[in-house]
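Participant: Prediction below, plus the sequence it came from.
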Amino acid sequence: MKRRHVTLAVLWALSAPLPAHPLDDAGVWIYEGAPPEAPAQPSAPDTFFITVFPENDGRPLAQDIPPRRTANMAHGAEPEGRANAWTASLGYRRETLDWNIAGSDGTPNVLSELDWDMEMAELRINGEWMAANGFTIAAEAAYASAFSGEVRDSDYDLDRRKHEFSRSYSKSRRSTVSRLALGLGWRILPRSRVGLTPMLGYAYQEQDLRARHGRQVLSEPCVFCDADADGIGGDIITPPVDTRLTGLDIHYQPRWHGPWLGLRLDAHIGSRFDLHIGAKYQWFSYRANADWNLREDFRHPRSYTHHGDSRGWQWEIGARWRLSEQSAITFTVDQHQQRLEGGTDRTFFANGTTTKTRLNAVNWDSWGAALGYRVEF
């Protein structure tokens with residue numbers, strides 16, 4: 001049986017009008033005076049319109065629907081609006097991170113450069129809560145693990161990446177990324193089909209980037225190197241070409257954290273399809289620890305640290321297709337980008353000495369696509 005909308009016009013012959021009495025318990029609303037689309041009734045001193053919502057195919061009556069959902073239905077929005085919800089997603093992520101440092105006295109201006117390129121599987125949990133007045137809380141937790149990828153490690157003798165004297169490649173499998181984020185916002189027009197939500201929040205991300213099973217592909221004498229910081233160059237002897245770097249297990253562990261400012265647009269299209277677009281600008285503090293396990297001249301497990309401040313942005317486009325009033329299939333695509341310029345590198349040597357040099361840049365880029373299942377309550 002299809003849902004029917006029955007309107008009864010009751011003509012009241014008394015001259016004094018009666019007040020309207022909404023009969024919620026019976027599923028009936030009474031409006032005093034005709035609604036705009038109803039024809040005028042000049043012969044009747046007062047007209048009352050009664051709207052009845054009959055039960056349909058075992059579904060609850062309208063008064064059994066939570067008040068916020070009923071209000072959204074009346075405004076033409078989705079049946080339950082942006083209800084409280086949890087979404088679990090599984091997807092693919094591509095991560096790249098590179099950094100480079102200068103020599104201890106600034107020469108060369110790029111001494112060493114590392115570049116990670118990883119393909120990862122990601123599990124993500126998102127939660128949303130919105131009050132009737134539009135106040136919104138959003139939370140996210142994500143974990144990704146690399147199933148494929150490569151690391152390039154290059155060293156240079158001269159400025160502007162000239163005279164590369166060492167290059168090796170290794171595998172980045174088993175690298176991981178963990179992310180937590182919390183945001184607060186206020187949705188404008190919370191009961192409409194289209195809503196705009198300014199938001200602010202805080203995010204934390206930790207990476208454990210690995211480099212294993214390496215091989216040397218370029219090897220030249222290093223003229224200006226000073227591995228033991230004794231002021232005498234030429235201390236580093238690179239392995240011969242095609243040498244397998246047995247036992248290589250580098251850990252580089254960056255941490256990004258800080259506030260973000262964002263904007264989210266939600267749109268309800270048709271009876272089952274929803275779309276959202278979001279963007280964030282981020283101010284992150286950057287800290288990283290590294291363990292270069294095959295360098296005997298370095299201290300272990302902390303061989304060097306990186307510090308600095310970064311700026312970046314994130315955008316996301318998502319869609320969901322409703323399976324029922326409480327569940328939906330979701331699909332999202334997102335991209336992150338973070339840039340650091342002008343940080344500090346501190347290297348710790350096995351003999352107890354420490355050197356400080358310029359961390360020229362850190363560049364992090366990430367994009368992903370995920371399919372998920374959403375449950376609303």
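Facilitator: Looks like it arrived, so ask away. Residues are numbered from 1 along each chain as shown.

Participant: what about the residue nearest to residue 111 when sequence neighbours are not counted, which SS state?
Facilitator: Nearest residue to residue 111, sequence neighbours excluded (C-beta to C-beta, 6 or more residues apart in numbering): residue 103, at 4.5 Å. For glycine as for every other residue, the C-beta is placed from the backbone atoms N, C-alpha and C. Under DSSP: H, G, I helix; E, B strand; the rest coil, the three-state class of residue 103 is coil.

Participant: so where's the protein shaky on pLDDT?
Facilitator: For the chain, applying pLDDT under 70 flags the ranges 1-83, 224-236.

Participant: Would you mind giving the domain segments of it?
Facilitator: Per automatic domain parsing, the domain ranges recorded for the chain read 6-64, 85-376.

Participant: Mean neighbour count for the ones you listed - can I get that in TSV?
Facilitator: As requested, those are arranged in TSV below (neighbours: other C-beta atoms under 10 Å):
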stretch	mean neighbour count
domain 6-64	12
domain 85-376	17
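
Participant: gap between residue 118 and residue 93?
Facilitator: 8 Å (C-beta to C-beta, to the nearest Å).

Participant: Ok, residue 327 next?
Facilitator: Distance, residue 327 to residue 93, using C-beta to C-beta: 25 Å.

Participant: wait, residue 280 sits on residue 311?
Facilitator: No. Contact between residue 280 and residue 311 fails when scored by C-beta atoms under 8 Å: they sit 11.7 Å apart.

Participant: now the strands for the stretch 251-377 of the chain?
Facilitator: Taking DSSP state E, counting those that start in this stretch as the criterion, the stretch 251-377 of the chain contains strands spanning 273-291, 304-322, 327-348, 354-376.

Participant: Present those as CSV; the columns should include distance to residue 124.
Facilitator: CSV is the format used below for the strands of the stretch 251-377 of the chain (distance: least, C-beta to C-beta, whole Å):
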stretch, distance to residue 124
strand 273-291, 14
strand 304-322, 11
strand 327-348, 8
strand 354-376, 6
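
Participant: Of the ones you listed, give the one that comes closest to residue 223.
Facilitator: strand 354-376 (18.0 Å; C-beta to C-beta).

Participant: could you give the angle of the closest one to strand 273-291?
Facilitator: Following axes from the mean of the first three to the mean of the last three C-alpha atoms, to 10 degrees, one obtains 150 degrees for the angle between strand 354-376 and strand 273-291.

Participant: What helices and strands are in contact with strand 354-376?
Facilitator: In terms of contacts (3 or more C-beta pairs under 8 Å, 6 or more residues apart in numbering; DSSP states H and E), strand 354-376 is packed against strand 85-101, strand 112-130, strand 244-269, strand 304-322, strand 327-348.

Participant: at 10 Å what do you get?
Facilitator: Here strand 354-376 touches strand 85-101, strand 112-130, strand 135-158, strand 194-219, strand 244-269, strand 273-291, strand 304-322, strand 327-348, going by 3 or more C-beta pairs under 10 Å, 6 or more residues apart in numbering; DSSP states H and E.

Participant: In TSV: the ones you listed, plus distance to residue 181.
Facilitator: Shown next, in TSV, are the helices and strands packed on strand 354-376 (distance: least, C-beta to C-beta, whole Å):
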stretch	distance to residue 181
strand 85-101	14
strand 112-130	9
strand 135-158	4
strand 194-219	4
strand 244-269	8
strand 273-291	9
strand 304-322	9
strand 327-348	11
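
Participant: With respect to residue 171, which of the ones you listed lies nearest?
Facilitator: So among the helices and strands packed on strand 354-376, strand 194-219 is nearest, using C-beta to C-beta, at 4.7 Å.

Participant: what's the distance between the closest one and the middle of its chain?
Facilitator: Relative to the chain's own centre, strand 194-219 is displaced by 11 Å; criterion: C-alpha atoms, centre = their mean, to the nearest Å.

Participant: Taking strand 354-376 as reference, get the angle to it.
Facilitator: 140 degrees.

Participant: Which strands and helices lie in contact with strand 194-219?
Facilitator: Checking 3+ C-beta pairs under 10 Å, 6+ apart, strand 194-219 ends up next to strand 85-101, strand 112-130, strand 135-158, strand 162-171, strand 176-186, strand 244-269, strand 273-291, strand 354-376.

Participant: That one vs strand 135-158, what angle?
Facilitator: Using the same axes, to 10 degrees: strand 194-219 against strand 135-158 is 20 degrees.

Participant: just to revisit the earlier point, is it correct that the residue nearest to residue 111 is in contact with residue 110?
Facilitator: Yes. With contact defined as C-beta atoms under 10 Å, residue 103 reaches residue 110; the gap is 8.7 Å.

Participant: Mind listing the shared neighbours of those two?
Facilitator: Counting by C-beta atoms under 10 Å, 6 or more residues apart in numbering, the common neighbours of residue 103 and residue 110 are 156, 159.

Participant: if we can go back for a sec, of the strands of the stretch 251-377 of the chain, which is nearest residue 199?
Facilitator: Among the strands of the stretch 251-377 of the chain, the nearest to residue 199 by C-beta to C-beta is strand 273-291 (8.0 Å).
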